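Trainee: here's a sequence, model it:
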Amino acid sequence: MKKLHLDRKFYIPNGYSLIAKDERYGFEVWATMTPKIVAMAFGGKRNKPDWHFRFQDETRLNVKIADTLQGYMDWQDRKTKYKAERNKPHNVKVGDIFRCSWGYDQTNIDFFECTKVIGAMIEVRPISQMSENNGFMSGECVPCQGSYKGEPMRKKVKMWNDEPSIAIYSHANAYRMKPIATIGNKPVFESSHWTAYA
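Mentor: Numbers count the residues shown, from 1 in each chain. Take a look at the predicted model:
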């Protein structure tokens, strides 16, 4: 059965008129001023109103309109900055190690090593880990750089706060690990905690 599409006009009561608009954000305010002040606001591409309130006077209505518009502007600004941050050139190098933590009712840890840099993409391979139990169905593990155990995968790098990440699974990302020391030109990484099903 085809879903019925209802546009904004469907939600606007008779007698309301447009009192504010900003096309940059799809922002519209419709209101009736008599016998009471009642207004509704729409934003973005949404057809349902973001709010529909009664106001004691026009001053409070104008404050609400200004606050709502400022909210749309702030959201757009954050969205633009986030997109710019994610699309920044990455600084991943061959040999960098990525850690992916995932699981439901348990914590699985997977490690990946960057083996090639291809523009905005990198090639990573799963690597082995040294693991040690330190409790009931739990323990610590560290990556074994260069100990490959899977085929190469190409991944797009996303940046946030100058730190790269890659999507490994549909439900989990991997983040670059920072070495805590270097011994004989080999990086040493902090251990990661894992748990297993009881």
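
Trainee: drop to CA atoms for contacts and neighbour counts, all remaining ones
Mentor: Noted.

Trainee: longest strand in the protein, by residue count?
Mentor: For the chain, the longest strand by residue count, based on DSSP state E, is strand 121-135.

Trainee: Lys79: how many residues sit nearby?
Mentor: Lys79: 12 surrounding residues under other CA atoms under 10 Å.

Trainee: measure it to Lys149 for me?
Mentor: Going from Lys79 to Lys149 by CA to CA, to the nearest Å gives 38 Å.

Trainee: quick one on the thing from earlier: helices and strands around the longest strand of the chain, which ones?
Mentor: strand 108-118, strand 138-148, strand 153-156 (3 or more CA pairs under 8 Å, 6 or more residues apart in numbering; DSSP states H and E).

Trainee: winner for burial among these?
Mentor: Neighbour counts (mean count of other CA atoms under 10 Å) averaged over each of these peak at strand 108-118, with a mean of 20.

Trainee: list the pairing partners of it within its sheet, with orientation.
Mentor: Its sheet considered, strand 108-118 pairs with strand 97-102 (antiparallel), strand 121-135 (antiparallel) by DSSP bridges.

Trainee: pull out the buried positions in the last one.
Mentor: Residues Met121, Ile122, Glu123, Val124, Arg125, Pro126, Ile127, Ser128, Gln129, Ser131 are the ones in strand 121-135 that count as buried (16 or more other CA atoms under 10 Å).

Trainee: report the angle between it and strand 138-148.
Mentor: Strand 121-135 and strand 138-148 are oriented at 140 degrees to each other (axes from the mean of the first three to the mean of the last three CA atoms, to 10 degrees).

Trainee: identify each buried residue in stretch 22-42, please.
Mentor: Neighbour counts over stretch 22-42 (16+ other CA under 10 Å) mark Phe27, Glu28, Val29, Trp30, Ala31, Thr32, Val38, Ala39, Met40, Ala41, Phe42 as buried.

Trainee: ok, back up a step: which one of the buried residues of strand 121-135 is nearest Val157?
Mentor: Distance ranking of the buried residues of strand 121-135 against Val157, using CA to CA, places Met121 first at 6.0 Å.

Trainee: not counting sequence-adjacent ones, nearest residue to that closest one?
Mentor: Of all residues not flanking Met121 in the chain, Lys156 sits nearest, at 4.5 Å (CA to CA, 6 or more residues apart in numbering).

Trainee: roughly how far apart are the one you found and Glu113?
Mentor: Relative to Glu113, and taking CA to CA, Lys156 is found at 14 Å.

Trainee: mind checking how far Asn62 is from Gln76?
Mentor: If you go by CA to CA, the gap between Asn62 and Gln76 works out to 21 Å.

Trainee: can I assume Asn47 is in contact with Ile12?
Mentor: No - under the criterion of CA atoms under 8 Å, Asn47 makes no contact with Ile12, lying 10.0 Å away.

Trainee: of these two, who's got more company?
Mentor: Ile12 (18 against 15).

Trainee: how much space separates the nearest residue to the more buried one once chain neighbours are set aside from Lys45?
Mentor: Closest residue to Ile12 apart from its sequence neighbours, by CA to CA, 6+ apart: Trp30 at 7.4 Å. Remark: distance between Trp30 and Lys45 (CA to CA) = 16 Å.
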